[in-house]
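In: sequence below, structure please.
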Amino acid sequence: MPPLPKNPATRQRANKQPTRAVLPVEARPIRTTPKLPAHPEKKAWHPLAKQFWADVWASPMASQYVEADIHGLIRMLVLTDAFFREPRVSVSAELRLLSQLYGLSPIDRRRLEWTVAKSEDAVEQIERKRAKVGRVVKGNDPREVLNQ
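Out: Got it, this is the predicted structure:
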């Protein structure tokens, strides 16, 4: 007779993902946007670097950041400023690696198992767009040329 299966409650691994999070549609950070730090080289920040800082803290991902993350985001800000002043592949590569840590692209959020919650209005709007795209009026379809 084969042994009885283990009780699921006594198993060692539950394979739960500790990083899974649903991000709010609108950013609701725990704190306000941190003040833009002084530039390390005592110059003015590049306008796109300033925009990057504002965008990061206005994003839904900001709700997941803790105080310790600010230092890494400042490193990203410095690299972003350097990249926009003089684009280099090495800086771009470092930015790509750092952005993965903070979920700043769709694939990074997927890897972290973060999903941005969609409001009901957004879902309805997407469904209406898809319905419009699906309707083709006879005679206006450019693909009809292929059937001749």
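In: tell me how far residue 79 lies from residue 85.
Out: 11 Å (C-beta to C-beta, to the nearest Å). All C-beta atoms are positioned from the backbone trio N, CA, C, and that covers glycine.
In: between those two, which one's more packed in?
Out: Neighbour totals were compared for residue 79 and residue 85, and residue 79 leads with 20 against 13 (other C-beta atoms under 10 Å).
In: the more buried one belongs to a strand, doesn't it?
Out: No. Per DSSP: H, G, I helix; E, B strand; the rest coil, residue 79 lies outside any strand segment and is helix.
In: surely it is in contact with residue 93?
Out: No. Between residue 79 and residue 93 there is no contact under C-beta atoms under 8 Å: 10.1 Å.
In: in this structure residue 102 contacts residue 68, no?
Out: No. Using C-beta under 8 Å, residue 102 is not in contact with residue 68; the gap is 11.9 Å.
In: element containing residue 108, please.
Out: Per DSSP states H and E: residue 108 is located in helix 106-111.
In: what are the contacting residues of that helix?
Out: Contact partners of helix 106-111, identified using C-beta atoms under 8 Å, 6 or more residues apart in numbering, comprise 23, 61, 99, 100, 102, 103, 115, 116.
In: now do the buried residues in that helix.
Out: 108, 109 (16 or more other C-beta atoms under 10 Å).
In: quick check, distance from that helix to the centre of its chain.
Out: Distance of helix 106-111 from the chain centroid (C-alpha atoms, centre = their mean, to the nearest Å) equals 6 Å.
In: same check, this time on stretch 100-118
Out: Distance, centroid of stretch 100-118 to centroid of chain: 4 Å (C-alpha atoms, centre = their mean).
In: only C-alpha atoms, please: export that stretch in PDB.
Out: Extracted in PDB, the C-alpha atoms of stretch 100-118 (Å, rounded to 0.1, in the frame of the first residue of the first chain):
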ATOM      1  CA  GLN A 100      15.000  46.900 -13.000                       C
ATOM      2  CA  LEU A 101      15.400  47.200  -9.300                       C
ATOM      3  CA  TYR A 102      12.700  49.800  -9.000                       C
ATOM      4  CA  GLY A 103      10.100  48.400 -11.400                       C
ATOM      5  CA  LEU A 104      10.300  51.300 -13.900                       C
ATOM      6  CA  SER A 105       9.400  49.400 -17.000                       C
ATOM      7  CA  PRO A 106       6.500  47.000 -17.700                       C
ATOM      8  CA  ILE A 107       8.800  43.900 -17.900                       C
ATOM      9  CA  ASP A 108      10.400  44.900 -14.600                       C
ATOM     10  CA  ARG A 109       7.100  45.200 -12.900                       C
ATOM     11  CA  ARG A 110       6.100  41.800 -14.300                       C
ATOM     12  CA  ARG A 111       9.400  40.400 -12.900                       C
ATOM     13  CA  LEU A 112       8.600  41.900  -9.500                       C
ATOM     14  CA  GLU A 113       5.000  40.600  -9.800                       C
ATOM     15  CA  TRP A 114       3.700  44.200  -9.400                       C
ATOM     16  CA  THR A 115       0.500  45.000 -11.300                       C
ATOM     17  CA  VAL A 116      -1.000  48.400 -11.700                       C
ATOM     18  CA  ALA A 117      -4.700  48.300 -10.800                       C
ATOM     19  CA  LYS A 118      -7.000  49.600 -13.500                       C
END
